[in-house]
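Enquirer: 3D model of this:
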Amino acid sequence: MPVAAGLTFATVEEAQSSPRGTMILSRCPNCGHVTNTAFDAALCPFDASYEAALFHSPTYVDYATGVVDRLVAKHRLGNGSAVLEIGSGSHVLLDRLTSLGCVATGVSEPAPPAGQFELALARFVLEHVSDPVELLRQLRAVARRVFVEVPDAGYDLTTAGWDLIYPHVHYLSAASLVRAATRAGWAVADVGTGFHSQYLWAELENTGSQAGTDEPFEPLKPSIDVVSSTNQWRERLAGRTAVVWGAGTRGTMFCNRVDPEATLIGGVVDRNPGKRGRFLPIAGQRVIAPAELAGLAPDLVVLTNPAYRSEITAELAELGVEAEVTVA
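Expert: Purely as a prediction, here's the structure:
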């Protein structure tokens, strides 16, 4: 599979020769934690730009800033409260925290700096690091409470699995996230899901003493059928004038699994101007601007994330593009 799942390349030749990695998923029978035991960190160092790229979507910005607003209000932060964001690839949340009266610090590395913070944000970091428990221990030394957010394995491993990507070492479900947090010494205050149930989050509190290890969640039992979902989509795309909307990780994996020869998908639409005219890794589909859709006249637009359906449907209407819109 492509290592550079969220990146694009200047030429189709560069894209097709970009690095490849192997995924072997293994599951713990006790807590249901899933990890890629074939992961090679040398092929794929942590890159905060993966999540930062999502801020080109108004839907995602509204969601992420809403998370910050809720935490600041709930814990009565502001008035100079020190807040840390690790793995920060964008200024959006730091600016939001500052506007709410917090003193916000962001680091792009998946590790906390020295200091003391009322709140630390670790959004979409744990799934990328080799030892998430150790990172949670490091955060416990600098933060009073932590908000953790990861892709929910309960979603990714029970649907088509477009977010099974090489940069994700770990696939955390509620049971395994709680187990990791308590092993690191945190008390788990709350757990939930968001963004159309695709994200899993937990609020952790530093009580000053070791927490227990019991969790009220059943271990995840994956029910994904990659071969079946891939074949179904190949059959559906045959004979259609189809495009995929979104040149992020999910769009990349959809194209690589369903259309590895780049013969079924006419282009991949993305709002990010930095990606346009470039090519997806391995399969090599070209990234196009929304304005190019009128010339392609697609009869099918495939989304790999249901959270963006309303946003994209409205944009297609503005562009005058009449096509079936479906979520893979």
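Enquirer: can you list the weak-confidence ranges in the protein?
Expert: 50-52, 208-215 (pLDDT under 70).
Enquirer: CA atoms only for the longest helix anywhere in it, dumped as CSV, please.
Expert: Longest helix in the chain, counting residues (DSSP state H): helix 58-74. What follows is helix 58-74, C-alpha atoms only, in CSV (Å, rounded to 0.1, in the frame of the first residue of the first chain):
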residue,chain,number,x,y,z
PRO,A,58,-15.6,24.4,6.4
THR,A,59,-17.3,21.3,7.8
TYR,A,60,-14.1,20.1,9.4
VAL,A,61,-13.2,23.6,10.8
ASP,A,62,-16.6,23.9,12.4
TYR,A,63,-16.2,20.5,14.0
ALA,A,64,-12.7,21.0,15.3
THR,A,65,-13.3,24.5,16.6
GLY,A,66,-16.5,23.3,18.2
VAL,A,67,-14.4,20.7,20.2
VAL,A,68,-12.2,23.5,21.5
ASP,A,69,-15.2,25.7,22.4
ARG,A,70,-16.7,22.9,24.4
LEU,A,71,-13.6,22.1,26.3
VAL,A,72,-12.9,25.7,27.2
ALA,A,73,-16.4,26.3,28.4
LYS,A,74,-16.7,23.0,30.3
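Enquirer: Who are the packing partners of that helix?
Expert: For helix 58-74, the elements it packs on are helix 92-99, strand 117-123, strand 143-151, helix 309-319, judged by 3 or more CB pairs under 8 Å, 6 or more residues apart in numbering; DSSP states H and E. Where C-beta positions appear, they are placed from N, C-alpha and C, glycine not excepted.
Enquirer: Looking at the ones you listed, which is nearest to residue 198?
Expert: With CB to CB, the closest approach to residue 198 among these belongs to strand 143-151: 6.8 Å.
Enquirer: Isn't residue 325 up against residue 309?
Expert: Yes - at 6.9 Å, residue 325 and residue 309 qualify as touching, with contact defined as CB atoms under 8 Å.
Enquirer: Name the residues contacting each of those two.
Expert: residue 303 (CB atoms under 8 Å, 6 or more residues apart in numbering).
Enquirer: Show me the helices in this structure, by range?
Expert: Going by DSSP H, the chain shows helices at 12-16, 49-52, 58-74, 92-99, 132-140, 153-156, 174-183, 226-237, 249-258, 293-296, 309-319.
Enquirer: which secondary structure elements does the fifth one contact?
Expert: Contacting helix 132-140 under the criterion 3+ CB pairs under 8 Å, 6+ apart are the following elements: strand 117-123, strand 143-151, helix 174-183.
Enquirer: Which of these sits closest to residue 27?
Expert: The nearest among the helices and strands packed on helix 132-140, by CB to CB, is helix 174-183 at 9.5 Å.
Enquirer: quick one: the closest one to helix 132-140, angle?
Expert: For helix 174-183 against helix 132-140, the angle between stretch directions is 50 degrees (axes from the mean of the first three to the mean of the last three CA atoms, to 10 degrees).
Enquirer: So for residue 72, what's the nearest residue that isn't a sequence neighbour?
Expert: residue 100 (4.9 Å; CB to CB, 6 or more residues apart in numbering).
Enquirer: ah, wrong one, I meant residue 152
Expert: Leaving aside its sequence neighbours, residue 152 sits nearest to residue 200 (CB to CB, 6+ apart; 3.7 Å).
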